[in-house]
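In: just the structure for this:
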Amino acid sequence: MARTRHTTDHDEIREWVERHGGRPAQVEGTDGLLRIDFGEPEERLEPIGWDRFFDIFDRNNLEFVYDPNGYFNKFIERAARKTSSERPFSASSRGTRKKSSVASKKTTRSGGPKTSGRKYGKKSQEAVRRATRELKGDTLKSGHSGPSRRKKR
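Out: Numbering: from 1, shown residues only. So this is what the prediction gives:
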C-alpha cells in the first residue's frame with residue numbers, strides 16, 4: 001500500500017524533488033504560493049531558487065507531504081497535521097476535509113437554524129406530489145411511452 005510521508009526537513013525535500021526531476025516554483029501573481037514544477041516548465045509557474053523557496057516554506061509554516069515512490073506531493077500547514085509521519089493515502093491526504101467528530105449546529109446566513117433540504121418551486125412540488133400519489137397507487141406512467149412495467153399487486 002502506498003504511504004505518504006510528511007517532512008519539514010529542507011534537505012529531505014530538496015533531495016526528493018531533485019530525484020524526481022522537479023524544480024522549486026511559485027504560482028505567478030501570488031505572494032509565494034509554492035509548487036514543484038516537473039518536466040516542461042509550466043507557464044503559470046515562476047521558477048525560484050531553493051533559498052527563496054525555503055524562506056516562503058518556513059514563513060508560511062508549511063509541511064511537505066509526498067509519496068516516496070511516486071510524484072504525489074502537496075504543501076499543508078504544520079498545525080493542520082495531527083497524525084503520524086507516515087500514513088496510507090486517504091481522502092484526507094488528498095486535500096478533502098474529514099467531518100468533525102463533534103456535531104455542530106448548522107445555521108443560515110441570518111443566524112437562524114438551518115432547515116431541511118432543498119426547496120422546490122410550486123409547480124415542482126405539485127409534480128412530485130402527483131408522481132408520489134401515482135407511485136403509491138401503482139398507476140405511475142413512464143414518460144410518454146405508456147404504463148410502467150410495474151404490475152398492480
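In: run through this protein and note the low-pLDDT ranges.
Out: Scanning the chain for pLDDT under 70 picks out 1-2, 80-120, 138-153.
In: quick one, helices of it?
Out: Ranges of helices in the chain, per DSSP state H, are 10-19, 50-59, 122-136.
In: do you know how far Ile36 is from Arg59?
Out: Per C-beta to C-beta, to the nearest Å, Ile36 is found 18 Å from Arg59. Heads up, the C-betas are built off the backbone N, CA and C, glycines and all.
In: residues near Val27, how many?
Out: Using other C-beta atoms under 10 Å as the criterion, Val27 is surrounded by 14 other residues.
In: state the distance from it to Lys74.
Out: 13 Å.
In: okay, now Arg129: neighbour count?
Out: 10.
In: I should have written Asp55 there, sorry.
Out: Residues lying near Asp55 (other C-beta under 10 Å) number 13.
In: what's the answer for Phe53, then?
Out: 23.
In: let me see the contact set for the nearest residue to it once chain neighbours are set aside.
Out: Excluding its sequence neighbours, the residue lying closest to Phe53 (C-beta to C-beta, 6 or more residues apart in numbering) is Pro24, at 3.7 Å. Residues in contact with Pro24, defined by C-beta atoms under 8 Å, 6 or more residues apart in numbering, are Val17, Leu34, Ile36, Asp37, Pro47, Ile48, Gly49, Trp50, Arg52, Phe53.
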